[in-house]
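*Asks:* Model the structure of this input:
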Amino acid sequence: MLKSKHTLLMVILVIAAILVSGCAGRQETAEPPPEEAGAGDTVKVHYTGKLQDGTVFDSSLEREPLELTIGQGKVIAGFEHALIGMKVGQSVTATIKAEDAYGPYYDDRVFEVPRSQLLLEDLEPQVGQILSYQDENGTWKVTVIEVSESTVTLDFNHPLAGKDLTFEIELVEIVEKAQ
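*Replies:* This next block holds a predicted model:
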């Protein structure tokens, strides 16, 4: 009886040793945690921008994703901020206040000018029309907001100035991580 108990105990110990060594020898291959987008990373995103009433003003869904480097200021600050910490495949909805988008609307950026100063002989300005204006500081897009026989009222504010914006953003790819 003692021999059979001893044999049984040895068999159990051998099986336990095999199991333990088998587990120790086998490495679990866990997926590395997904990378998060951060400042300086170059990323590709799809987005849809909406006004507070739900009107879509821009979307990348019907074209290639937007590629940008986070922190370079090529897009509005609030949009860049929403990308920080996102993982590939993740989607977020970000509401961006006017101050972090295109800034406040300034009444002093609206000017009434004589039609003769437009310097476009064949132009018949229409309300809502976007014109280019050039001065010593560069080229500006201006919106025609009123037309009379002798004057045209031009708005130098960005068309989205003073508006809170909502973006649905999907991080498609982290093209390059910052060094």
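*Asks:* can you list the domains in the chain?
*Replies:* 42-103+161-176, 108-155 (automatic domain parsing).
*Asks:* Mind putting those domains into CSV with distance to P34 and mean neighbour count?
*Replies:* All C-beta spots, glycine's among them, are computed from the backbone N, C-alpha and C. Listed next are the domains of the chain as CSV, based on distance: least, Cβ to Cβ, whole Å; neighbours: other Cβ atoms under 10 Å:
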stretch, distance to P34, mean neighbour count
domain 42-103+161-176, 4, 16
domain 108-155, 39, 12
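*Asks:* Compare the ones you listed and say which comes out lowest on pLDDT.
*Replies:* Among those, domain 108-155 has the lowest mean pLDDT, at a mean of 87.
*Asks:* Quote the end-to-end distance of it.
*Replies:* 9 Å (Cα to Cα, to the nearest Å).
*Asks:* And stretch 114-134, by the same measure?
*Replies:* For stretch 114-134, the end-to-end distance is 16 Å (Cα to Cα).
*Asks:* And for stretch 143-162?
*Replies:* One end of stretch 143-162 to the other measures 15 Å (Cα to Cα).
*Asks:* Now do that stretch: everything it contacts.
*Replies:* Contact with stretch 143-162 is made by 57, 98, 101-106, 109-115, 118, 125-131, 133, 140-142, as judged by Cβ atoms under 8 Å, 6 or more residues apart in numbering.
*Asks:* hmm, 7 Å instead?
*Replies:* 57, 98, 101-106, 109-115, 118, 125-131, 140, 142 (Cβ atoms under 7 Å, 6 or more residues apart in numbering).
*Asks:* Surely S91 is in contact with L83?
*Replies:* No: judged on Cβ atoms under 7 Å, S91 makes no contact with L83 at a distance of 11.7 Å.
*Asks:* any shared contact partners between the two?
*Replies:* In contact with both S91 and L83: I169, using Cβ under 7 Å, 6+ apart.
*Asks:* how much space is there between G128 and P114?
*Replies:* Counting by Cβ to Cβ, to the nearest Å, the gap from G128 to P114 is 20 Å.
*Asks:* Give me the most central residue, the protein.
*Replies:* Taking Cα atoms, centre = their mean, the centroid of the chain lies closest to F79, which sits 4.6 Å from it.
*Asks:* Could I get the phi/psi values of that residue?
*Replies:* Backbone torsions for F79, taken as degrees, to the nearest 10, come to phi -70, psi -50.
*Asks:* What separation is there between it and D107?
*Replies:* The value you get for F79 to D107, if Cβ to Cβ is used, is 26 Å.
*Asks:* swap in S132?
*Replies:* Distance, S132 to D107, by Cβ to Cβ: 22 Å.
*Asks:* neighbouring contacts of the lengthiest strand in the chain?
*Replies:* For the chain, the strand with the greatest residue count under DSSP state E is strand 165-176. With contacts defined as Cβ under 7 Å, 6+ apart, strand 165-176 is touched by 35, 37, 41-51, 65, 67, 79, 82-83, 86-96, 101.
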